[in-house]
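1. Coordinates for the following, if possible.
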Amino acid sequence: MASTETKTAQGAELAGVEAGLDALEAADSGRTPFRQTFVSKILPPAVAVVLVLLAWQALITFKVVDDPTKLPSPSDVGAAFEDAWLQGNLLGYIWTSVSRGLLGFLFALAIGTPLGLLVARVKSVRAAIGPVLSGLQSLPSVAWVPPAVVWLGLNNSMMYAVILLGAVPSIANGLVSGIDQVPPLYLRAGRTMGASGLKGAWHIVLPAALPGYLAGLKQGWAFSWRSLMAAEIIASSPDLGIGLGALLENGRNALDMAMVFEAIFLILFVGIAIDLLIFSPVERWVLRSRGLLVRN
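-> Residues are numbered from 1 along each chain as shown. Prediction:
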């Protein structure tokens, strides 16, 4: 009788623990209240932007900088945005650059991923071109614009070539770094289960190297975007359309600092938007799938 009561008590205790874990899991997977999201995610950057605008306006109001050719007022920059919007050019500026940047990044992704896998898994290839990739990654992308113009001319092919030369080394090196951090036990376990060669690379190596690979992708996008801006600033042509880099250069040539700041803010906006809409959700998913990120 006592043994039966003990087993019953243990069963009830286990059921209670299981119910508690289920409750914790349900609470963890619930939707975060909007108020908490607003206070922790939206309000701080909004306050920071307001403070920057107030400090900027103070420089103009108190005539710390009273030359509009050096520092325009926030209202002048706002008027430049309004004019571009009313003329129907604002979205065109953004789309010209974003479409080039994303397409060039996809090309770089298609080249850099197999290249990084080859460098990481084949010792002779790593010895031959590993240092070259590291050197290319440290080379300023603006250095590729003059030879790309000479080789390919003033066209979109030149733009994509500059993006590839800037982004491929970062993507490949990010994948190499991620693969180097894969525990050897994973590889041995994969071979034991028959996952070798391409199958092992797809099912074992790439998933385990995903955090490092994702970091390389983020850096690759940053290099893609910076390379494109450098190419648009230096190699401007009516046949290429007006992207954000060309808009920046046009403002400089016209001594229109409101247009210059307009281009700078648009370039910054696109960079932040791509990170928030694409890379940050993917990064959170990767971290959460590995138990490295827990909802508060």
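
2. where does this protein dip in pLDDT?
-> Low-confidence segments of the chain (pLDDT under 70): 1-32, 34, 38-39, 187, 194-203, 291-296.

3. For the residue nearest the centre of it, pull up the helix or strand it's in.
-> Closest residue to the average C-alpha location of the chain: Lys218 at 3.7 Å, with Cα atoms, centre = their mean. Following DSSP states H and E, one finds Lys218 within helix 210-234.

4. which of the residues in the host helix or strand of Pro281 are buried?
-> Assigned by DSSP H and E, Pro281 falls within helix 280-289. Buried residues in helix 280-289, counted by 16 or more other Cβ atoms under 10 Å: Glu283, Val286. Every residue, glycine included, has its C-beta placed from N, CA and C.

5. returning to what we had before: how close does the residue nearest to the centre of the chain sit to Glu283?
-> Distance, Lys218 to Glu283, using Cβ to Cβ, to the nearest Å: 8 Å.

6. Over to Thr192?
-> Distance of Thr192 to Glu283, given as Cβ to Cβ: 31 Å.

7. likewise Asp66?
-> For Asp66 relative to Glu283 (Cβ to Cβ), the value is 45 Å.

8. ok, now Val176?
-> 19 Å.

9. same deal with Gly153?
-> Distance, Gly153 to Glu283, by Cβ to Cβ: 38 Å.

10. Report the angle between the helix holding Pro281 and helix 210-234.
-> For helix 280-289 against helix 210-234, the angle by axes from the mean of the first three to the mean of the last three Cα atoms, to 10 degrees is 170 degrees.

11. counting contacts, what elements does helix 280-289 pack onto?
-> With contacts defined as 3 or more Cβ pairs under 8 Å, 6 or more residues apart in numbering; DSSP states H and E, helix 280-289 has these neighbours: helix 210-234.

12. Name the residues that touch the helix or strand hosting Phe269?
-> Phe269 is part of helix 257-274, with elements assigned from DSSP H and E. Residues outside helix 257-274 that contact it (Cβ atoms under 8 Å, 6 or more residues apart in numbering) are 68-72, 76-77, 79-81, 84, 93-94, 97-98, 101, 221-222, 225, 229, 244-245, 247-248, 250-252.

13. Filter the residues you listed down to the buried ones, ChimeraX style.
-> Only the buried entries of the contacts of helix 257-274 go into this ChimeraX selection, using 16+ other Cβ under 10 Å:
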select :72,76,77,80,81,84,93,94,97,98,101,221,222,225,229,244,245,247,248,250,251
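
14. Sitting in strands, which of the contacts of helix 257-274 do you find?
-> Assignment to strands by DSSP state E places none of these there.

15. all helices for the stretch 101-250 of the chain, in order.
-> Using DSSP state H, counting those that start in this stretch, the helices of the stretch 101-250 of the chain run over residues 123-138, 145-152, 156-180, 184-192, 197-200, 206-208, 210-234, 244-253.

16. Can you name every helix or strand that the shortest one contacts?
-> With contacts defined as 3+ Cβ pairs under 8 Å, 6+ apart, there are no secondary structure elements packing on helix 206-208.
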